[in-house]
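> Next comes the sequence, and after it the predicted model I'd like to discuss.
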Amino acid sequence: MSNADVHPVETTCGTGPCPRDEAGHPRVEIITSREVPLGGPRAMPVRRTLPQRQRSLIGAWCFADHYGPDDVAATGGMDVAPHPHTGLQTVSWLFTGEIEHRDSHGVHAMVRPGEVNLMTGGHGICHSEVSTQDTTTLHGVQLWVALPDSARDAPRNFQHHAPETTVLPGATAKVFLGSLFGVTSPVETFTPLLGAEITLDAGAELVLDVDATFEHGVLVDTGTVRLGGTQLSRSMLGYVGTGVTSLTLTNLTDAPARVVLLGGTPFGEEIVMWWNFVGRSHDEIVRFRDAWQRESEQFGRVEGYTGKVARLPAPGLPNAQLRPRRNPR
């Protein structure tokens, strides 16, 4: 998915250990979303929780868009023309609907509910995403992972995995990245990561044993959920720092509640993220933009996309030097 912001910002970040509240629960930082349009004839809206001014990364997770349930007949659905990426991996996860993916690695694939598609765009890649004609409701998340310096020039790649459902007391889970509940995803990443969809029964409480070296984020998709001692409503993301060995999720409603759990070791490198590029400096971002605008082979070409716009042009750079921002400790 593309970052459709007309004036994208540059981002730099770092992290620290998690404090606790007076009851002994890990202190939860609440990150609220902001709504941005995402193409289509009537601009399908998405709720962006990462990056924000208060926090830019959770582990290596550097971007999170949450969308739907979206009535495709009303919004036109998703139609994102070919656009570039550098220095990152995209992770597509759907709850409802279907999206057609095409990329310059030659991959033509479908994104379907409960199946993860991970695309690596280290040195450079471009891709398109279009909701299919049979899709009436579109609902899911689009995530990005920043690549460490050792892998940020990695060649183009694409991985697909359909995780089995893990049945737990009062809940079910699908682990699409990393390890949780004794289940390990075969999808390869360049830093330790965790990604899982968890559905809690009405009124259920679930204790998760987690890696203490990870920081975590819980994005609420449906329902109202308490993370430790903090209540989170739909589209909120609760952040918990490192040093925590368990997380407690409680469904506060009389209907099932669904969350997406993200985790990873704190990303120890400074990154500069602007539009669809992840780099290390202002000058590098300028070079990426110029390469895309002149249709450099660094990004290749997408075959088979038939939208009205052949490729998304990069937005204009600001007149001043891009200013990085840092995560709080």
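On my side now, so go ahead.

> tell me the pLDDT at residue 318?
With respect to pLDDT, residue 318 scores 80.

> got it, and residue 174?
We have a pLDDT of 98 for residue 174.

> contacting residues for it?
Counting by C-beta atoms under 8 Å, 6 or more residues apart in numbering, residue 174 makes contact with 114, 163, 164, 165, 166, 196, 197. Just so you know, the C-beta spots here come from the backbone N, C-alpha and C atoms, and that holds for glycine as well.

> SS state for the last one?
Which is residue 197. Using DSSP: H, G, I helix; E, B strand; the rest coil, the structure places residue 197 in strand.

> The closest residue to it other than its chain neighbours and residue 276: what is the separation?
In space, and not counting its chain neighbours, residue 197 is closest to residue 174: 4.6 Å by C-beta to C-beta, 6 or more residues apart in numbering. From residue 174 across to residue 276, the span is 27 Å (C-beta to C-beta, to the nearest Å).

> Spatially, what comes nearest to the most centrally placed residue in the chain if we skip its sequence neighbours?
Nearest to the mean C-alpha position of the chain, counting by C-alpha atoms, centre = their mean, stands residue 143 at 1.5 Å. Leaving aside its sequence neighbours, residue 143 sits nearest to residue 91 (C-beta to C-beta, 6+ apart; 4.2 Å).

> centre of the chain versus the longest helix anywhere in the chain, how much separation?
When the chain is parsed with DSSP state H, its longest helix is helix 282-293. Distance of helix 282-293 from the chain centroid (C-alpha atoms, centre = their mean, to the nearest Å) equals 23 Å.

> Same question for stretch 80-94.
For stretch 80-94, the separation from the chain centroid amounts to 10 Å (computed by C-alpha atoms, centre = their mean).

> other SSEs contacting the longest helix of the chain?
strand 272-274, strand 277-279 (3 or more C-beta pairs under 8 Å, 6 or more residues apart in numbering; DSSP states H and E).

> for the record, mean pLDDT for it?
For helix 282-293, mean pLDDT rounds to 96.

> go on, stretch 297-304?
Averaging pLDDT along stretch 297-304 gives 98.

> got the end-to-end distance for that stretch?
Start-to-end span of stretch 297-304 (C-alpha to C-alpha, to the nearest Å) is 18 Å.

> Flag every buried residue along that stretch.
Buried residues in stretch 297-304, counting neighbours by 16 or more other C-beta atoms under 10 Å, are found at 298, 299, 300, 302.

> If we ignore the residues flanking it in sequence, what's nearest the first one?
The shortest distance from residue 298 to any residue other than its chain neighbours is 3.9 Å, reached at residue 124 (C-beta to C-beta, 6+ apart).

> Spit out the contact partners of that neighbour.
When contacts are counted by C-beta under 8 Å, 6+ apart, residue 124 touches 84, 85, 86, 156, 288, 291, 296, 298, 299, 300.

> All set now, cheers.
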